[in-house]
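# sequence first, predicted coordinates after that:
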Amino acid sequence: MPEHPLKIFEELDPKLLDLVTKTRDLAFADGALPRKIKLLIAMVLDAVSGASEGVQSLARLAIKEGASKEEIAEALRVAQYICGVGCVYTAAIALKEMQY
C-alpha cells in the first residue's frame, strides 16, 4: 500500500494535517447522505479532476461501505454526462486493477 499522500505534514505542519483530518471526518460522516454516497461523490470529483489514485482509493472505501460495482459505474455515468469523457479515462486507469 502506498504511503499516505499527506504524511509529510506530520512533521511539516501537524496543525494543518489535524485540520484536514477533522474536515475529512466531518465531510464523510453519515448524515442526511450516507457515507457510501459521499464517497461515490468524492470518487467522481477525483475522476473529473484527473486524480486516478484518488478514484481508486475512494472506490475501495466506497466498496467497504457497501457500494456495488454498478453504483460505481452509475456515479461515473453522471460524471461523464456533466463533465465529459475525460473522467471515464481517469476512472478506467484507476479501476482496471481492482477486484469486485
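Happy to help now that I have it.
# so what's the residue count around S49?
14 (other CB atoms under 10 Å). Bear in mind the C-beta positions are built from the backbone N, C-alpha and C, glycine included.
# from L58, how far out is it?
12 Å (CB to CB, to the nearest Å).
# identify the residue nearest G54 in space, chain neighbours excluded?
Leaving aside its sequence neighbours, G54 sits nearest to D46 (CB to CB, 6 or more residues apart in numbering; 3.4 Å).
# buried ones in the strand or helix carrying that neighbour, by neighbour count?
Per DSSP states H and E: D46 is located in helix 35-49. For helix 35-49, burial by neighbour count (16 or more other CB atoms under 10 Å) applies to 35-48.
# what does stretch 24-35 give?
So stretch 24-35, judged by 16+ other CB under 10 Å, has buried residues 28, 35.
# distance between the ends of it?
In stretch 24-35, first residue to last residue: 11 Å (CA to CA, to the nearest Å).
# who touches that stretch?
38-39, 41-42, 65 (CB atoms under 8 Å, 6 or more residues apart in numbering).
# next: stretch 80-88.
With CB under 8 Å, 6+ apart, stretch 80-88 has contacts from 44, 47-48, 50, 76, 79.
# distance to K15 and pLDDT added to the residues you listed, as JSON lines?
Listed next are the contacts of stretch 80-88 as JSON lines, based on distance: CB to CB, whole Å; pLDDT from 0 to 100:
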{"residue": "V44", "distance to K15": "30", "pLDDT": "98"}
{"residue": "A47", "distance to K15": "31", "pLDDT": "98"}
{"residue": "V48", "distance to K15": "30", "pLDDT": "98"}
{"residue": "G50", "distance to K15": "29", "pLDDT": "97"}
{"residue": "L76", "distance to K15": "36", "pLDDT": "98"}
{"residue": "A79", "distance to K15": "34", "pLDDT": "98"}
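# domain boundaries for this structure, per the record?
1-30, 32-95 (automatic domain parsing).
# buried deepest among these, which one?
Of all the domains of the chain, domain 32-95 has the most neighbours on average by mean count of other CB atoms under 10 Å, namely a mean of 17.
# so where do the helices sit in this protein?
In the chain, the helices defined using DSSP state H lie at 9-12, 14-28, 35-49, 52-64, 69-83, 86-95.
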